[in-house]
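how does the following fold in three dimensions:
(one chain, ligands or ions: 3)
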Amino acid sequence: MKLLILDRDGVINYDSDAYIKSVEEWIPLPGSIEAIAQLSKAGWTVAVATNQSGIARGYYDIATLDAMHERLRSLVAEQGGEVGLIVYCPHGPDEGCDCRKPKPGMLKNIAAHYNVSLTNLWFVGDSLGDLEAAKAVDSQPVLVKTGKGEKTLGKSLPVGTLIFDDLAAIAAELINN
Ligand SMILES: O=P(O)(O)OC[C@@H](O)[C@H]1O[C@@H](OP(=O)(O)O)[C@@H](O)[C@@H](O)[C@@H]1O
Ligand SMILES: [Mg+2]
Ligand SMILES: [Zn+2]
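Ligands and ions are numbered 1, 2, ... in the order given. Have a look, this model is predicted:
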């Protein structure tokens, strides 16, 4: 099966150093909803793996997070597509969980859910931790320049990291090749 895993904040929607704390603050990046819908209609399963330490920090609750993801699903559905499994890490940086990126726990969870190999599976992110999570399980790290991506570009990226302007460019690459 054709599975693509996306980071959320900075890839699908605008990110903020103040966290995305409400549905109103959850605003899709230009072209991202269309890109997900086009991938879905082209036979791709699009899953999401997102750190949400704002839960542990008390900035928002699970119901609010679920409402953001319901919004994502409905916007993609309006374009004729669908979103696959959305997995999040609600923990804080000091809790030592297995799911917070750069640990690959969420990627493993998603691959197991769909019973597919992690090897060379594309994981698209805007932060170094996203790319490191991919590398840790021999998936393909893919950096977008949206969100924190431009800043991440200046860091030492995992060998073989692919770089695209945005999610729309990734969709065009995957659908047309
Ligand atoms: O990019 P994804 O994984 O979808 O989500 C990132 C968010 O959970 C937040 O992650 C925080 O990092 P800390 O969790 O505080 O280290 C900060 O980078 C925030 O700006 C950001 O909104
Ligand atoms: Mg991000
Ligand atoms: Zn976690």
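
near ligand 2, which residues of this protein show up?
Within the chain, the positions near ligand 2 by CB under 5 Å from the ion are 7, 9, 10, 126, 127. Any C-beta I mention is one placed from the backbone N, CA and C, and that applies to glycine too.

please identify which pair of those lies farthest apart.
With CB to CB as the measure, no two of the residues of the chain next to ligand 2 lie farther apart than 9 and 127, at 8.7 Å.

common neighbours of these two, please.
Common contact partners of residue 9 and residue 127 (CB atoms under 8 Å, 6 or more residues apart in numbering): residue 147.

around ligand 3, which positions in the chain sit nearby?
89, 91, 97, 99, 100.

distance of the third one from residue 53?
Between residue 97 and residue 53 the distance, using CB to CB, to the nearest Å, works out to 10 Å.

with neighbour numbers in mind, choose between these two.
Neighbours per residue (other CB atoms under 10 Å) separate residue 97 from residue 53, with residue 53 holding more: 17 against 14.

secondary structure class for the nearest residue to the more buried one once chain neighbours are set aside?
Nearest non-adjacent residue to residue 53, counting by CB to CB, 6 or more residues apart in numbering: residue 92, 5.1 Å away. Assigned with DSSP: H, G, I helix; E, B strand; the rest coil, residue 92 falls in the coil class.

so how far is residue 129 from residue 92?
Relative to residue 129, residue 92 is positioned 14 Å away (CB to CB).
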